[in-house]
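Trainee: Would you be able to build a 3D model of this:
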Amino acid sequence: QVQLVESGGGLVQPGESLRLSCAASGYFRTINAMGWYRQAPGKVRELVARITSGGSTTYADSVEGRFTISRDNARNTAYLQMNSLKPEDTAVYSCNTDGTTGWGTPFVSWGQGTQVTVSS
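Mentor: Got it, this is the predicted structure:
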């Protein structure tokens, strides 16, 4: 199995910053793209940012220019630097990835989620 553990959420005021981390652990051969998703109460889950194993990135229009996704392949960890946070960024943020297990089978894994609240 492959586990993803997120950290770094919390309560901040508008305009402030947070950095989320997502660490993968378990028995795997490869990890492909890693993505951050968020879900606010009463809304559908949406992709926030995604980064491929080669470092190519994709962002939702709503966070472009404010959020930066990165990854450390040696640590199997992805990061989401969130600047200029707005109240509408409030949501549970979850990490997702897929790849190949140590047994050669494909996997898809989700983290448990971390709450980000932006409020004055």
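Trainee: which residues touch the most centrally placed residue in the chain?
Mentor: Centroid-nearest residue in the chain, with CA atoms, centre = their mean: residue 36, separated by 2.8 Å. Shown in contact with residue 36 (CB atoms under 8 Å, 6 or more residues apart in numbering): 20, 22, 47-50, 69, 78, 80, 93-96. Yep, even glycine has a C-beta here, placed from its N, CA and C like the rest.
Trainee: Looking at neighbours, which among these is most surrounded?
Mentor: residue 78 (29 neighbours; other CB atoms under 10 Å).
Trainee: tell me which element that residue is part of?
Mentor: strand 77-82 (DSSP states H and E).
Trainee: tell me which strands and helices that strand is in contact with?
Mentor: strand 18-26, strand 28-39, strand 46-51, strand 67-72, strand 91-101 (3 or more CB pairs under 8 Å, 6 or more residues apart in numbering; DSSP states H and E).
Trainee: One more pass at 6 Å, please.
Mentor: strand 18-26, strand 67-72 (3 or more CB pairs under 6 Å, 6 or more residues apart in numbering; DSSP states H and E).
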